[in-house]
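only geometry, no sequence info:
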């Protein structure tokens, strides 16, 4: 009887790739389990489901390797960093990084991965995007105030310092102007954010359903069904409004939603007035202090301006990169955009200061 030909042994390059894939999948599973350990309820279950999926993928590579699997190899450095961050922080920042990691899955072009694995990874990206969106919604109000505050402090005070320096004033005048700009800008930003957020929360509260409206339901005329008009006013189609209202009346009171849920639905996204004000004040002051630092340490002239511009440029790159990561965009591109806009505004102000200084002289 003729023996079946044995499958060809995988090449050393294939074995190395499979071991790397195995290590990466195990690392991804650890990332999701670390994130799940810091959450509860539905989010925890979703993250554990993702971890189980990554372990299935790891089993695929382990089966291909067979006896050649050997000792578990080291995962990609990016995966190891993410696993450490997930274990120690578990924040929306880590979820945003994981979201970007999922977009880089190589399985679409890897002939050794199954089509189901490639599809899984695309779905994982969407799942993580949804989880990250929840976290972004929870921090969006304070985060927006912090980013705008820091960016405004960096750009406006650098522009102010460069502008008065271009006018030829003394080092003491530049320092006084910078510190005055820091304090005035931080107070203005804090007050503005407080008023803005309070006004937005009041608008949301005015648009929310009345807290006692549901108490009228038992007395409604079922045939007239005024309740359907409520849902039509909120944007439902007439037929859908009639069906929803009829269902609600049939099953009252068990069909009622949490009366507080609709009233507070948008408030978490907006944030609190005090939180936004404090965040904006602190971050504006921090950003505005950076251009003043060289003058505080006694530097003056071109050296102080160059150092201030370099420090602000680095800070703009950092804030832009953080915004890029949290928004799921490319951090380098966001950082360069922040840098170009900020330094461009400061350069225009400096040139205007030189022109006005020469005109006054």
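Looks like it arrived, so ask away. The shown structure was predicted, so the numbers you read here are calculated from the model rather than taken from an experiment. Numbering: from 1, shown residues only.

CA atoms for contacts and neighbours, from now on please.
Will do.

so which elements touch the biggest helix by length in the chain?
Under DSSP state H, the helix in the chain containing the largest number of residues is helix 115-166. In terms of contacts (3 or more C-alpha pairs under 8 Å, 6 or more residues apart in numbering; DSSP states H and E), helix 115-166 is packed against helix 41-65, helix 92-102, helix 171-207, helix 267-270, helix 273-289, helix 301-326, helix 331-360.

winner for burial among the ones you listed?
Among the helices and strands packed on helix 115-166, helix 273-289 has the highest mean neighbour count (mean count of other C-alpha atoms under 10 Å), at a mean of 25.

now render the helices and strands packed on helix 115-166 as TSV, adding distance to residue 20.
Supplementary listing: the helices and strands packed on helix 115-166 in TSV, determined by distance: least, C-alpha to C-alpha, whole Å:
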stretch	distance to residue 20
helix 41-65	9
helix 92-102	16
helix 171-207	49
helix 267-270	40
helix 273-289	42
helix 301-326	25
helix 331-360	26
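
now those in JSON lines, with mean pLDDT and distance to residue 126?
Below are the helices and strands packed on helix 115-166 laid out as JSON lines (pLDDT from 0 to 100; distance: least, C-alpha to C-alpha, whole Å):
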{"stretch": "helix 41-65", "mean pLDDT": "90", "distance to residue 126": "11"}
{"stretch": "helix 92-102", "mean pLDDT": "76", "distance to residue 126": "8"}
{"stretch": "helix 171-207", "mean pLDDT": "78", "distance to residue 126": "29"}
{"stretch": "helix 267-270", "mean pLDDT": "48", "distance to residue 126": "21"}
{"stretch": "helix 273-289", "mean pLDDT": "84", "distance to residue 126": "30"}
{"stretch": "helix 301-326", "mean pLDDT": "86", "distance to residue 126": "15"}
{"stretch": "helix 331-360", "mean pLDDT": "80", "distance to residue 126": "20"}
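
what's the mean pLDDT across the longest helix of the chain?
Averaged across helix 115-166, the pLDDT comes to 80.

and that helix, how far out from the chain's middle?
Centroid displacement of helix 115-166 relative to its chain, using C-alpha atoms, centre = their mean, to the nearest Å, is 5 Å.

now stretch 320-336
On C-alpha atoms, centre = their mean, the centre of stretch 320-336 falls 9 Å from that of its chain.

and of the helices and strands packed on helix 115-166, who's closest to residue 121?
Smallest distance to residue 121 across the helices and strands packed on helix 115-166 (C-alpha to C-alpha): 6.6 Å, for helix 92-102.

and that closest one with helix 115-166, angle?
120 degrees (axes from the mean of the first three to the mean of the last three C-alpha atoms, to 10 degrees).

leaving out the residues flanking it, which one is nearest to residue 354?
residue 166 (4.4 Å; C-alpha to C-alpha, 6 or more residues apart in numbering).

ok, residue 85 - contacts?
If a contact means C-alpha atoms under 8 Å, 6 or more residues apart in numbering, then residue 85 has residue 94 as its contacts.

if you could redo that for residue 331, that was the one I meant.
The contact partners of residue 331, taken as C-alpha under 8 Å, 6+ apart, are 320-325.

so how far is residue 320 from it?
Distance check for residue 331 against residue 320: by C-alpha to C-alpha, to the nearest Å, it reads 7 Å.

same question for residue 124.
26 Å.

how many neighbours does residue 160 have?
Neighbourhood size, residue 160 [other C-alpha atoms under 10 Å]: 22.

name the nearest residue to it, sequence neighbours excluded.
residue 178 (6.9 Å).

next: residue 155.
That would be residue 342: by C-alpha to C-alpha, 6+ apart, it lies 5.3 Å from residue 155.

I'd say that neighbour and residue 315 touch.
No. Using C-alpha atoms under 8 Å, residue 342 is not in contact with residue 315; the gap is 10.4 Å.

overlap in contacts of these two?
Common neighbours of residue 342 and residue 315 are listed as residue 154 (criterion: C-alpha under 8 Å, 6+ apart).

buried residues, stretch 12-30. List them.
15-16, 18-30 (16 or more other C-alpha atoms under 10 Å).
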